[in-house]
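Asker: here is my input; please provide its structure:
(one chain, ligands or ions: 1)
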Amino acid sequence: MELTQLKGIGKTTAEKLEQLGIRDVMDLLFHLPLRYEDKTKITAIDDLQGFSHAQVEGEITHSYVTQGRRPILVCEIDDGSGNMQLKFFNFYYSQKIKMRAGLKVRAFGEVRHGMYGMEIIHPEFSLGEDQPPLAETLTPIYPKSEGVSQKLLQKAAAQAIQLLQAGAFELDELLPAQWLSAQQLPTLKAALIQVHTPPPELNVNQLMTMSHPAQIRLKIEEILAHFLAMHQARTAIQQHQAVAMPISEADHQAMLERLPFELTGAQQRVVAEIHQDLAKPMPMQRLVQGDVGSGKTVVAALAIQAALRAGKQAVMMAPTEILAEQHLLTMRDYFPQEQLVFLSGKIKGQERAEALTAIAGQGNIIIGTHALFQTEVVYRDLALVIIDEQHRFGVHQRLQLKHKGKQHDQLPHNLIMTATPIPRTLAQIAYANLDVSVIDELPPNRKVINTVLLENSKMPQLAERIRSACQRGEQAYWVCTLIEESEHLRAKAAQDTFDELTASFPDLKVGLIHGRQKADEKQLVMDRFKANEIHLLVATTVIEVGVDVPNASLMVIDNAERLGLSQLHQLRGRVGRGNRQSHCVLMYQAPLSENAQIRLQTMRSTNDGFEIARQDLKLRGPGEILGTRQKGSMEFRFSNPEQDAQLFQQAKILAADLMKDNPEVCERIIQRWQHQAGELAKV
Ligand SMILES: Nc1ncnc2c1ncn2[C@@H]1O[C@H](COP(=O)(O)OP(=O)(O)OP(=O)(O)O)[C@@H](O)[C@H]1O
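Answerer: Numbering: from 1, shown residues only. Presented below is the predicted three-dimensional model:
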């Protein structure tokens, strides 16, 4: 039903509502109140309690303006049970004249304890004997945007509810009636009516915390739609075939013998899981989760090995140029006999043409950045796609279907690697369409990184630490964290730090790496750092992901208070990758905000990525951890994966039952919420 069919909504208002994502009457019904006000009753002044909202009615006994720099209009009122004050800071004198003694007033607002008893500052009020009737329901307060008043939203929603009650449009109940009654949840129609026009006896506290059964009813369907859509995406892929790439035990052992170390138990288990998937003629859809330094790269190499044995191509994509180049070097070590091809956005001209020819021809391990997924890149026979997305989520969802195998209905196997340890419950929700393997063990002999906090002003204490580490043959990073938007300013700050440190340490080789350098310049610096020709590397956060130089044992992060927990954990993870004792110095500018204090203390007290992720979840919320709307990873309007963990469990079970018993309803649920969230479509 069109919005313009509602009274008071013309074309212009309808356009404004569209900015809130409200395109029709159904959307309006799913635009839920943020909070509620109770204007259904009048509270006697004598019964008022501080820090709560209330409506009072009484007679103005005295009205005056205080003296001083900021005059205040004060109206004293009395209702027979007691008296209180209404106060206005910004007022017109005409208001003072209107609010004269002897008049009846009704006021609503937050009650506080003032110097002279109870008071309400800036109440909503109406004057006169003839007050309108009291509200029959709690008053919903909606999230609004510019140009759309609260009143307008309230009126429009109230009309939508009236139409719904009158049966003017269809709103099918899609959840099984038996299930709803067993859970003591209302139907969708009843839930929407209650949420928009709650009768006064409803529990306001429950409503305010989104825990009322009516709200739970809405959440459960939203979560259900998420699981169903994820499952649909997964089944769509399973409809396709993939090349089965079983690997013989002898080939596997031969590769293991070439490695400079033995796999950890966790790596062995994860490799076995991947090999099992690859042996099937169905596209693998697996996520490998492993904390920083847990050794994901070798796991990727062992997957690639299976593709090579089957005579197929494997592609590995990294989120940054530096990391892609590093993977190239590592894979060269693992596969000295194979033809490796590198492609990134910065490879141009003749070099690019050659890379494209190799990809369409003899190249069998192809490594690079996003450029690998451009349409003009044509693969000879691609059978395995590895995406090292580190902590950038969501990419895989859009790339998955693009790359078809040689035969038309074949898809490549997909392996996604992430370094972000997300709590299990959250992983199960976000990655409901993937199988998940966890590398939950670090290689042996790793020592816990010792983390210390140091105020910026105590910087001189650091010099000795840096010098002695470098003199012992170890290496250090110095990360500059200027939060300037422009890469140019970030580069300049790093350059300044580089100049200062070069002057302070004439006896050490100091290097510099930042995002403004050309690709080969960056590569040269990284190569020299790897070869221990640079002792101290000054860097912007470009080194955050994946850089692997096991000889580096000291990490200094300046202004660490500016960074989020997961970024700090990633940066710190650049050290502690060998068997030496490593240190991380988090420099900060005092005073610290409460949140920054918690972040830095967390870093100091633990090295465990999962523990850090849990704390991060508390501080930031799941949306931010899993990526924002643009990244399209997960978007819930009503539910919260952390607070509603139990609902997610319930919805998962219900989803499984519905898929079995009623696929047609599943389709309709997905469609309803695709429209509502706009985002599920991308899952
Ligand atoms: N089983 C093992 N025993 C000893 N060293 C190992 C083992 N597995 C990997 N390594 C080494 O540990 C270091 C880290 O491995 P890798 O770079 O694969 O980590 P990662 O999981 O990708 O970490 P990050 O997320 O920080 O990039 C490398 O130098 C690698 O050679």
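Asker: quick check: nearest residue in space to Tyr334, chain neighbours excluded?
Answerer: Nearest non-adjacent residue to Tyr334, counting by Cβ to Cβ, 6 or more residues apart in numbering: Ala301, 4.6 Å away. To be clear about C-beta, it is placed using only N, CA and C from the backbone, and glycine gets the same treatment.
Asker: what helix or strand is the one you found located in?
Answerer: Using DSSP states H and E, Ala301 sits in helix 296-309.
Asker: and the ligand, is that helix touching that?
Answerer: Yes: Helix 296-309 is in contact with the ligand by Cβ under 6 Å from any ligand atom, via 296-298.
Asker: check contacts around Arg604.
Answerer: 451-453, 586 (Cβ atoms under 8 Å, 6 or more residues apart in numbering).
Asker: now the element after the one helix or strand it maps to, going C-ward?
Answerer: Secondary structure assignment for Arg604, by DSSP H and E: helix 594-605. Once helix 594-605 ends, the next helix or strand along the chain (criterion: DSSP H and E) is helix 609-620.
Asker: could you give me the average pLDDT of that following helix?
Answerer: For helix 609-620, mean pLDDT rounds to 80.
Asker: could you tell me the angle between that helix and helix 594-605?
Answerer: If you take axes from the mean of the first three to the mean of the last three Cα atoms, to 10 degrees, helix 609-620 sits at 170 degrees to helix 594-605.
Asker: just use 17 as the starting number from now, easier for me
Answerer: Sure, I'll start counting at 17 from here, so that last one is helix 625-636.
Asker: which outside residues touch helix 625-636?
Answerer: Helix 625-636 is contacted from outside by 307-308, 435-439, 442, 580-582, 585, 611, 614-615, 618-619, 622, 641, 658, using Cβ under 8 Å, 6+ apart.
Asker: which of those are close to the ligand?
Answerer: Counting by Cβ under 6 Å from any ligand atom, the members of the contacts of helix 625-636 near the ligand are 308, 435.
Asker: tell me where the model's unsure across the stretch 267-416 of the chain.
Answerer: Counting by pLDDT under 70, the ranges of the stretch 267-416 of the chain that qualify are 406-416.
Asker: in it, what residue is nearest the ligand?
Answerer: Gly311 (2.9 Å; Cβ to the nearest ligand atom).
Asker: got the contact list for that residue?
Answerer: Listed by Cβ under 8 Å, 6+ apart, the contact partners of Gly311 are 279-280, 283, 455, 458-459.
Asker: among the residues you listed, give me the pair with the biggest separation.
Answerer: Spanning the widest gap among the contacts of Gly311 are Leu279 and Leu458, at 12.4 Å by Cβ to Cβ.
Asker: just say helix, strand or coil for Ile432.
Answerer: strand (DSSP: H, G, I helix; E, B strand; the rest coil).
Asker: Leu528 contacts Phe514, doesn't it?
Answerer: Yes: assessed by Cβ atoms under 8 Å, Leu528 is found in contact with Phe514 at 4.3 Å.
Asker: tally of neighbours for whichever residue of the stretch 117-266 of the chain sits closest to the ligand?
Answerer: Taking Cβ to the nearest ligand atom, the ligand has its nearest neighbour within the stretch 117-266 of the chain at Ile263, 19.0 Å off. By the criterion of other Cβ atoms under 10 Å, Ile263 has 21 neighbours.
Asker: can you tell me the closest non-neighbouring residue to it?
Answerer: Ala322 (4.3 Å).
Asker: show the contacting residues for that neighbour.
Answerer: Taking Cβ under 8 Å, 6+ apart, one finds 261-263, 290-291, 294, 400 in contact with Ala322.
Asker: at 7 Å what do you get?
Answerer: For Ala322, the contacting residues are 261, 263, 291, 294, by Cβ atoms under 7 Å, 6 or more residues apart in numbering.
Asker: show me what the strand or helix carrying the third one is packed against.
Answerer: If I follow you right, that is His291. Counting by DSSP H and E, the element that carries His291 is helix 281-294. Counting contacts by 3 or more Cβ pairs under 7 Å, 6 or more residues apart in numbering; DSSP states H and E, helix 281-294 packs against strand 301-306, helix 312-325, strand 429-434, strand 451-455.
Asker: nearest to Gly589, out of these?
Answerer: strand 301-306 (10.9 Å).
Asker: just checking: what are the partner strands of the closest one?
Answerer: strand 429-434 (parallel), strand 451-455 (parallel) (DSSP bridges).
Asker: buried ones in it?
Answerer: Residues of strand 301-306 classed as buried: 301-306 (neighbour count, 16 or more other Cβ atoms under 10 Å).
Asker: ok now it, how far from the chain's centre?
Answerer: 18 Å (Cα atoms, centre = their mean, to the nearest Å).
Asker: which residue of the chain lies farthest from its centroid?
Answerer: For the chain, the C-alpha lying farthest from the average C-alpha position belongs to Gly118; by Cα atoms, centre = their mean, that distance is 56.5 Å.
Asker: give me phi/psi at that one?
Answerer: Main-chain torsions, Gly118, degrees, to the nearest 10: phi 100, psi -20.
Asker: show me where the stretch 217-366 of the chain has its strands.
Answerer: Under the criterion DSSP state E, counting those that start in this stretch, strands of the stretch 217-366 of the chain are mapped to 301-306, 329-333, 356-359.
Asker: circling back to that earlier point, in TSV: the strands paired with strand 301-306, plus mean neighbour count.
Answerer: TSV is the format used below for those (neighbours: other Cβ atoms under 10 Å):
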stretch	mean neighbour count
strand 429-434	25
strand 451-455	19
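Asker: kindly reformat these as CSV and extend each row with mean pLDDT and distance to Gln533.
Answerer: CSV is the format used below for the strands paired with strand 301-306 (pLDDT from 0 to 100; distance: least, Cβ to Cβ, whole Å):
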stretch, mean pLDDT, distance to Gln533
strand 429-434, 90, 26
strand 451-455, 90, 32
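Asker: right, and the ones you listed - which one's nearest Lys668?
Answerer: The nearest among these, by Cβ to Cβ, is strand 451-455 at 14.5 Å.
Asker: ok, then the element right after that closest one?
Answerer: strand 466-471.
Asker: after that following strand, next one along is what?
Answerer: Counting by DSSP H and E, what follows strand 466-471 is helix 476-487.
Asker: so what strands line up beside the helix or strand just after that next one?
Answerer: Sequence order places strand 491-495 as the next helix or strand after helix 476-487, per DSSP H and E. Strand pairing for strand 491-495, using DSSP bridges, gives strand 552-555 (parallel), strand 568-573 (parallel).
Asker: Ile58: what secondary structure?
Answerer: Assignment for Ile58 (three-state DSSP): coil.
Asker: could you give the number of residues near it?
Answerer: 16.
Asker: contacting residues around the nearest residue to it once chain neighbours are set aside?
Answerer: Closest residue to Ile58 apart from its sequence neighbours, by Cβ to Cβ, 6+ apart: Glu73 at 4.8 Å. Going by Cβ under 7 Å, 6+ apart, Glu73 touches 58, 95, 122.
Asker: list the contacts for the first one?
Answerer: Yep, that's Ile58 we're talking about. Applying Cβ under 7 Å, 6+ apart, the residues near Ile58 are 71-73.
Asker: kindly report the residues of the stretch 367-516 of the chain close to the ligand.
Answerer: Within the stretch 367-516 of the chain, the positions adjacent to the ligand are 435, 459 by Cβ under 6 Å from any ligand atom.
Asker: can you list the residues of the chain near the ligand?
Answerer: 277, 279-280, 283, 306, 308-314, 435, 459, 562, 564, 566, 589, 593.
Asker: repeat that for 5 Å
Answerer: Residues of the chain that fall close to the ligand, judged by Cβ under 5 Å from any ligand atom: 277, 280, 306, 308-313, 435, 459, 562, 564, 566, 589, 593.
Asker: pull out the buried residues from these.
Answerer: 280, 306, 308-313, 435, 459, 562, 564, 566, 589, 593.
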